[in-house]
Every structure is written in C-alpha cells, then in structure tokens.
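1. A structural model of the following input is requested.
(2 chains)
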Number of protein chains: 2
Amino acid sequence: MTEKDLASLKVQQDRLMHDIHSTCEWGKGERWGDQSTETGMSRLSLSDTDKQARDWFAETTESLGCKVTTDAMGNQFAVRPGLNEGAMTYAGSHLDTQPTGGRYDGILGVTAGVEMLRTLNDNWVETNYPTGVINWTNEEGARFPKSMVSSGVWAGDIPIADAHALKSVIPANDTATMKSDLERIGYLGSTPCSHTAMPIAAHFELHIEQGPILEAEQRRVGIVRGVQSYKWFTITVRGKESHTGATSFAHRADALLLASKCILASHRIATRHNALASTGILNLRPGSTNTVPGFVEFSLDIRSPSNETVEKVEAECRAAFASLTSDTSSEPEAAHSHPSSLTCDISWRTDFVSPATSFHKDCISCATAAAASLVDSSVPEPDAELNLGAWGKLMTSGAGHDSVYTSKHAPTCMIFAPSRDGVSHNPREFTTPEGCADGAQVLLGAVVRYDRLRGERGR
Amino acid sequence: MTEKDLASLKVQQDRLMHDIHSTCEWGKGERWGDQSTETGMSRLSLSDTDKQARDWFAETTESLGCKVTTDAMGNQFAVRPGLNEGAMTYAGSHLDTQPTGGRYDGILGVTAGVEMLRTLNDNWVETNYPTGVINWTNEEGARFPKSMVSSGVWAGDIPIADAHALKSVIPANDTATMKSDLERIGYLGSTPCSHTAMPIAAHFELHIEQGPILEAEQRRVGIVRGVQSYKWFTITVRGKESHTGATSFAHRADALLLASKCILASHRIATRHNALASTGILNLRPGSTNTVPGFVEFSLDIRSPSNETVEKVEAECRAAFASLTSDTSSEPEAAHSHPSSLTCDISWRTDFVSPATSFHKDCISCATAAAASLVDSSVPEPDAELNLGAWGKLMTSGAGHDSVYTSKHAPTCMIFAPSRDGVSHNPREFTTPEGCADGAQVLLGAVVRYDRLRGERGR
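-> Residues are numbered from 1 along each chain as shown, chains lettered A, B, ... in the order given. Next up, the predicted model:
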C-alpha cells in the first residue's frame, strides 16, 4: 500500500461516535450523570448489559465480514481475512466498565477497532495478513476482582482455574463466579484461552489517557512506549490510643501524626527521583475527635518508568519511615515535632508488584508514523520531554492495560487520546469527538502500516 | 473538727474496692477484656444495668442514713444530715460508662463518695452542714449523644426539653429518648433539675486522670485547678480525584497530601504555644490505592488552659492551612512539595467550643491540704511545673466533667487518681487499689475540710 493509498484511508468521526453512543445504551448509569451532560456507565463484566454489548460486537463484526471466535475466558476475537494466512494484527481493548465509570475507557478502543474494519471495507482494502479486533473480558477487575485477568490467562500468567473461580464482588450478595456467568450469558467459548491457541501477530490498543498531560500540553495524541513499573504497599502504624485533652505531646504515640510525616516523606523522595508516590487509602482507629489514633493503615503506590527507580524510592521510603518513628530523626518531616517518651511501630506489606513494560519498537514506529500523518508531518525526533511536534507525545502509561499481557507474546503498543481534566473511572470522563477520531485514525494507520511491514518481511 | 480528728478519718481500701468490683457486675462486658486481666464495662446510661447500679446507689446510701432525691434528669442526690440546715457539700461523679469502657471512669468518684459516707458513719462524725453524694446521669454522652447533659440541665445551660428529647444512638435501632427511658426504668424524678431546686454548697469530684502524667511522674494524686479550654473543628479539603499512575505531581490536587501537611502544621503550632492540637478522625474519598483522594475531612481538637492560647493556635492554623494550599507557601510543611498547576480548597467548621474553667480556690486549698495529709506533709508551694512535693501535682484537666457545670453555680474542684498508661474509655483502664484509696482519702478530707470552713464562716 502506497503512502497515498494510506492517506486516503479516513475513519468517519460521526460513525465512530454513533457506535460509542449506541453501545453505551447497554449499561448506561444515568444516575451517575449529575455532574455533566455526559452519561456515566455501569456495565459490569458478564452482566446482562455486558452480554448485550458482546452480542452487538459479534453481530456487527460478522456483518463486516469477520469470523468471530470466543475463547474459554469469553475473549472475543473478530478476524477479517487477509491476502495470506497467518496470525492476526489486532486492535484490542474492552467493553466492560467500572461500576460508576465513563463511556470511553475501553469502549473507545473496541469501537475504533470496528470503525477500522468499516473503513477497510469501504475502501476495499486487502491487507497482507488477517486483521482483527479483540474484546477482552473483565479488564476492569471491578466485578471479578482481578484486573486484566483474561489477557493474563491468554498470556499464561494466570491459571484459568483461578480466573474461572473468581467470585463476583458487585452486586452485593451475588454468588456468580466468572465461569458460572460466562455460561449463563453464553460466552464460555470452546477455544482454549492461550497465546498458542489464539496467537497474535501484533496488538494495538487505543485508549483514553486517563491523565491530564495531553490536554494540558494541547497535544492530539500520545504514542505509548511502555507501562510504568509500580509497587503497591500497605503500611501499618501502631501507636497508642490516648485522650487528646489528657495526654501531653510528650506522652503520645500518635499513629496519624507519624503517618502524615510518612506521606510527606514519600512525596519528597518520589519528587527527587522524578517518580510518583501516592496514598489513596487511609484508615485509622478508633476514630473519635478526642482520641489520638493508636492505629493507622495506609496504601502506598510507587511508580516510575524504571524498575530501578521504584526500588530506590521504596528503599528510601523504608529508611525514612523507620527514621521518622524516632525523635532524633533527621528527616525534614521530623523537624518540628515535640519529643515523646513513646514511639510508634511501622510495618510494610507488599500487595502488588508490576515491573515496567516496554512496548515494541516496530509497533511504536508504525503508530508514530500514523500519528504524524494526522498533520501530514514527517516523524520528528522527540525532544527531551519526548514531545513529537505540537501534535503528539511519546509517553509512558501510568495504568496497566491488557496490552501489558499481550506484549509478553506479541509486538504491542498503545495509543492515547486526550482525557478532559484527566478524569477517568467517573461519569465525567470525556474525550472530544475529534480526539476520539484522531485516536481511531492513528489506530487504523498503525495497523495498516504494521501489516505493510509484515508484507515486506513476508511473515 | 481538729487536725487530729481529721487525721483519724481513714477510708478503707478493701471496702472501696469491694464496692467498685461488685457494682461493676452490672454491665460488665467481659467480651472486651481480652487485653488485660481487668474486665471492661458497657453500662450505657438508662439501660437495665444502669438501673441496677442506680438501685444499688439509692439502697446503699439510704441504708447509710441518707435521704435520696431524684430529679427530672434522673440525677440522684444522696444527703447525709449535718448539725445545721443548709445546702450540701457533695462528692459527685457518674455511674454510666462508655460502650467499651473501663471500671474506674466515673465509678471511682461515686463509690469513693459512698466510702466517704461509710467512714463518716464509722467515726460518728457530725458535719456542720449536710454532706452527700451525687450520681449524675449520662455524663459520657455515649448512648444519648450529649456529654455531661444532666449537670448541664442542672446548671441551666441546656433546656430540659432538649435533653429529654435526645435519642439513643446505642444500641442500633433503639427508639428510646432520655425521657422515655427515664420513665421506663423509674428514674424520672419529680424534683426539678436545676441549681435552684437542688442547690449545691460545694462539689468535689474524684476521677481517674485519663492521662499518663501522674503515673509517669510517680505522683499519688492530682489536684485539679480547672479544665482546659478547647475547640473542635472539622476541616474539609477538596482537591481532585485522579489516577495515581497517569497523573504527574504537576497536575494533582492531592487532598490527603495537603491534609497531612495541615496535621503536621497544627502539631508544630501547638508545640510552639505549649498547647495541644490533635486529629482523631480522618475520612477520605474515594479510597482506592490507585486514586489520588479528591476529598478529605479531618477533625482538629485544639486545647490549652488559656482561652487566648486556643484562639492564637486556631488563628495560626487557619493562616498556615490557607498558605499550604499554595505552592509558594513558606510554611515548613511545604518545603519539599512538587509544584502543581492545581490547588485544593480548605474550609473550616466549628463543632464545639468549651471555654476554660477555673475551679474554686477554697475547694483547691481543701483538697490540697487533704492530699498533703496523705504523707503528713504541710502544703508546699507548687514549683514551676506545679508539682506539690513528690506526692502530688496541681494540674489542669484535659477532659470535660460534670464539675465544669457545677462550677458555674457552686465552688468546685476535682481530684485525680493515676491512670495506668494513661488509658481510659477502654477495658484496659486501670488504677491501682492504693491509687483509688488515696483518691478517696483526699475526697473525704476535702469534703470534711470544706465543711469545717463553712462552719467557721457560719454558712
């Protein structure tokens, strides 16, 4: 396919937005939409509305000439034939949502894949190898509490028995397991869920950024070169409950005061390493205005594109937190504290470790070239901030996606569309129609370019 | 009464401990006692077990020659006649407990009052004026959520209709009001609850310290010259929810990071003013490891013996918190923060204001003289730390008590017995038998000395 042929392939924004909006009829949660004209979504994995969205996906892609295979985790693979036999170059994402989610997270990637199929058909494009679209099951991990579980099974990282046995946590008192609800809605496929049974030649995932960077820098698209390394911890601080009026600072072991110092220290240390450290959960006991908390538990989420940096930040936080338990600490957070005869204990539990993922250079170049063609630009060298001209940015994903698992067995990369205010997992989640179409255009261009590369290589 | 007569009046430790332990049969909550050989208490105000304790109080004091009056809030006044008619010199405290409380808070003061009556009887003491013991209703405010409500009605500060209408918050789904349960257990007295209907000549309250100071300094008894001033606030921080992985520090409005800075700042400011600032409650939303909290609400409890100091600490905290919302803050807590394009908002709500209470100098001297006689000492001048020799300490109560309300209409002071580890409102609450007896001895000595003073003054 010539550059000129490529340039003539244009996704249709109206058709894409129609698909997004019409599929969002299944599972729309209007009750969440009070803060915006956009409507929130509540399409939990393997629910009745998820079945409706799956049925739409199968019927639509079949009507576009695809053969649809469902595997034992309910992952749907819609395949459009190519000139040659071989593994598929896929666009993939997910149609399930958070319980109070938005209408772009996951949905944009799948509907843009469908729009890719429509555009290829409209233009009578014959690709060298088959292309296709994947709808991954339960990416959110909201109902069955393991994120990206079905691409994890595909990758061989999660045993299918464990995945099938996952119990619903939403709605309350539900007794469904993944397997029982796959059967109930008719999506327990006979094809094994594995990268050998359903090989992938390449995986491109268009997704909303879920962060504020593209919007803040007024860039149209992000090319994602990998996913950050991250580690999750639960930190427990044990001090001593005491009366706020009757206990002088000299006789306290205030678990919340120490936790506050640790939170500030983690922010300081992460800042120094150009990494991220965040606390999203903090629980204390007993929880009374006139009782100094004797117990605090808080989460710590450390991230960086580099595994080594995550390890460094963790090690420095461990040292700083331990030091902060003592009056004589030289950490800056201890500078203005009243000395006390009592101390708190700190303990750490590691909850989750996700090493850094680097996406494939071939996929990244195909996506970058496709993005550059948005503005008829040649591909520039990224600058120090990884900016690619005014239109784009080479970036690292902060969040995990199914692409992390596909990248273990297939060349993979992701494309980000700007998120308004960086908001996601929320009914206020929004990407402009232009932003959606830009993303879909880059997805199409990347898949076709990758197919061309395969044609040149003969595999 | 001569000093020699006074010196011969000795409370009996075994008898006092028997009363404490036997009355604690009503409402003992053995399920709370796992951390200690001591048993916790759960004797909620106006419950069936509170009725049993009240019945014991009335029967026992009547058997000791008292006339018992119950007022419209269920406060019980047991009066032992004196040589002359007149208002009563009382020992008063309360028999209700927290839902997971101990067996000394309140209970010690009432049983020590009963032991005072026994000792006066044993020694055929005829006081100049009537003496007595008060059991105040619902001091804890645990079941009917207003602390010291019945002494508050007595003082004229709380309308009786409001107090009667208070609804039970424990046990769950209980529909009782104070009035309905006063009627149910037969303690809605016909005597008006007021300082005019039931005047008090003086009020002495023996109580456990509920703090660690006496134990830490190895002092036998505390003489309480007043109650700290305190103000309670709820501080609300509104930032912006965002993904911990996808949102750089430069694009965050992290409500928990700001709340942590505020907590440290309040501690620093209070330390500088030799005051107390404490946060016992902190709630955040949404509460997920990978979401930066957009909302935090925390309590702030500021205390000092001086109203002016409380005002100063409040004003400085307001200024510091406001400054900390900005990147350019010069507060030390802001020193190591990454700048951000977003800011959080902070708002304050004042929940409770309790100005400082100063107890009466005559009561304080009677109690101090009684305490000095524990060790046959003359009364020393307190040093800069307000120490009274090795045996005692002149101190300020951090917590509120019924004595705050009685002090508005009658000379009042309190006596503190040491609390092991400063623990209170907890089954591990403990005061040694010797500590209980010391406190009871000082209570008796203070009441008798005050009565002698009244005899000298002829009123």
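
2. which helix or strand contains the residue nearest to A:Q218 when sequence neighbours are not counted?
-> Spatial nearest neighbour of A:Q218, excluding adjacent residues (C-beta to C-beta, 6 or more residues apart in numbering or on different chains): A:A390 at 7.4 Å. Just so you know, the C-beta spots here come from the backbone N, C-alpha and C atoms, and that holds for glycine as well. Secondary structure from DSSP states H and E places A:A390 outside every helix and strand.

3. show me where chain A has helices.
-> A:3-8, A:13-23, A:48-63, A:107-122, A:149-154, A:160-164, A:178-184, A:213-216, A:255-272, A:307-324, A:361-372, A:402-406, A:433-457 (DSSP state H).

4. so is the helix or strand of chain A with the lowest mean pLDDT next to chain B?
-> Least confident helix or strand of chain A, by mean pLDDT, DSSP states H and E, is strand A:28-29 with a mean of 82. No: Strand A:28-29 lies apart from chain B when judged by C-beta under 8 Å from any C-beta of the partner chain; the minimum separation is 15.8 Å.

5. what's the span of stretch A:317-334 from first residue to last?
-> Distance across stretch A:317-334, first residue to last, is 14 Å (C-alpha to C-alpha, to the nearest Å).

6. which residues does the residue located most distally from the centre of chain A contact?
-> No residue in chain A sits farther from the centre than A:A246, which is 48.8 Å out by C-alpha atoms, centre = their mean. By C-beta atoms under 8 Å, 6 or more residues apart in numbering or on different chains, A:A246 lies in contact with B:209-213, B:397-399, B:422, B:424.

7. now intersect those with the strands, please.
-> Using DSSP state E, the subset of the contacts of A:A246 located in strands is B:S397.

8. low pLDDT regions in chain A?
-> For chain A, the stretches flagged by pLDDT under 70 are A:30-38.

9. which parts of it belong to which domain?
-> A:3-228+A:356-457, A:229-354 (automatic domain parsing).

10. residues in contact with the closest residue to A:T343 other than its chain neighbours?
-> Counting by C-beta to C-beta, 6+ apart, A:T343 lies nearest to A:T325, which is 5.2 Å off, once chain neighbours are set aside. The contact partners of A:T325, by C-beta under 8 Å, 6+ apart, come to A:258, A:343-346.

11. CA atoms of stretch A:80-91 as CSV?
-> Extracted C-alpha coordinates of stretch A:80-91, given in CSV (Å, rounded to 0.1, in the frame of the first residue of the first chain):
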residue,chain,number,x,y,z
ARG,A,80,-11.0,-10.0,8.8
PRO,A,81,-9.2,-12.2,6.3
GLY,A,82,-6.1,-11.0,4.5
LEU,A,83,-4.4,-12.0,1.3
ASN,A,84,-2.3,-14.6,3.2
GLU,A,85,-2.9,-16.9,6.0
GLY,A,86,-1.1,-16.1,9.3
ALA,A,87,-1.6,-14.7,12.7
MET,A,88,-3.7,-11.5,13.1
THR,A,89,-2.7,-7.9,13.5
TYR,A,90,-5.2,-6.8,16.1
ALA,A,91,-6.8,-3.7,17.6
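
12. what comes up buried for stretch A:322-336?
-> A:323-325, A:329, A:331-334, A:336 (16 or more other C-beta atoms under 10 Å in any protein chain shown).

13. and stretch A:140-153, by the same measure?
-> Applying 16+ other C-beta under 10 Å to stretch A:140-153 flags A:140-144, A:147-153 as buried.

14. hmm, back to that, which of the buried residues of stretch A:322-336 sits closest to chain B?
-> Of all the buried residues of stretch A:322-336, A:H336 has the smallest distance to chain B: 3.7 Å, by C-beta to the nearest C-beta.

15. and for that closest one, nearest residue in space, chain neighbours not counted?
-> A:H336's closest residue in space is B:R268 (C-beta to C-beta, 6+ apart), at 3.7 Å.

16. what separation do you get for the one you found and B:T244?
-> For B:R268, the distance to B:T244 (C-beta to C-beta, to the nearest Å) stands at 28 Å.

17. higher neighbour count, those two?
-> Per other C-beta atoms under 10 Å in any protein chain shown, whichever of B:R268 and B:T244 has more neighbours is B:T244, with 27 against 20.

18. residue contacts, the closest residue to the more buried one other than its chain neighbours?
-> Excluding the flanking residues, the one nearest B:T244 by C-beta to C-beta, 6+ apart is A:S278, at 3.9 Å. Contacts of A:S278 were listed using C-beta under 8 Å, 6+ apart, and they are A:300-301, A:303, B:244, B:254, B:290, B:292.

19. for A:R454, same thing?
-> So A:R454 contacts A:86, A:89, A:128-129, A:201-202 (C-beta under 8 Å, 6+ apart).

20. these two touch, right, the residue nearest to A:H336 and B:C317?
-> No: between B:R268 and B:C317 there is no contact under C-beta atoms under 8 Å: 9.7 Å.

21. what parts of the stretch 101-250 of chain A come near chain B?
-> So the stretch 101-250 of chain A meets chain B at A:209-213, A:216, A:228, A:230, A:232, A:240-249 (C-beta under 8 Å from any C-beta).

22. for PyMOL, write a command that selects the buried ones of these.
-> The buried subset of these, as determined by 16+ other C-beta under 10 Å, is captured in PyMOL by this line:
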select buried, chain A and resi 209+210+211+212+213+228+230+232+240+241+242+243+244+245+246+247+248+249
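
23. what is the burial count for the nearest residue to A:G101 once chain neighbours are set aside?
-> Leaving aside its sequence neighbours, A:G101 sits nearest to A:M41 (C-beta to C-beta, 6+ apart; 4.8 Å). A:M41 is flanked by 31 other residues according to other C-beta under 10 Å.

24. ok, what's across the strand from A:M41?
-> Listed beta-bridge partners, A:M41: A:K28, A:G101 (assigned using DSSP bridges).

25. how much space separates it from chain B?
-> Counting by C-beta to the nearest C-beta, to the nearest Å, the separation of A:M41 from chain B is 17 Å.

26. go on, A:E308?
-> To chain B, A:E308 is 18 Å away according to C-beta to the nearest C-beta.

27. list the contacts for that residue?
-> By C-beta under 8 Å, 6+ apart, A:E308 lies in contact with nothing.

28. how does it look with 10 Å?
-> By C-beta atoms under 10 Å, 6 or more residues apart in numbering or on different chains, the contact list for A:E308 reads A:229, A:273, A:356.

29. contacting residues around the residue lying closest to A:L44 once chain neighbours are set aside?
-> Closest residue in space to A:L44, ignoring its immediate chain neighbours: A:R143 at 4.1 Å, by C-beta to C-beta, 6+ apart. Residues in contact with A:R143 (C-beta under 10 Å, 6+ apart) are A:43-47, A:50, A:96-99, A:166-171, A:174, A:176, A:178, A:181.

30. same question, A:I213
-> By C-beta under 10 Å, 6+ apart, A:I213 lies in contact with A:219, A:222, A:393, A:395, A:398, A:416, A:418-419, A:422, B:246-248, B:250-251.

31. same question, A:P382
-> By C-beta under 10 Å, 6+ apart, the contact set of A:P382 is A:223, A:225, A:368, A:388-389, A:392-395.

32. run the last query once more with 7 Å
-> In this structure, A:P382 makes contact with A:388, A:394, judged by C-beta atoms under 7 Å, 6 or more residues apart in numbering or on different chains.

33. distance of it from A:L117?
-> Taking C-beta to C-beta as the measure, A:P382 falls 31 Å from A:L117.

34. please apply the same query to A:I200.
-> Here A:I200 is placed at a distance of 17 Å from A:L117 (C-beta to C-beta).
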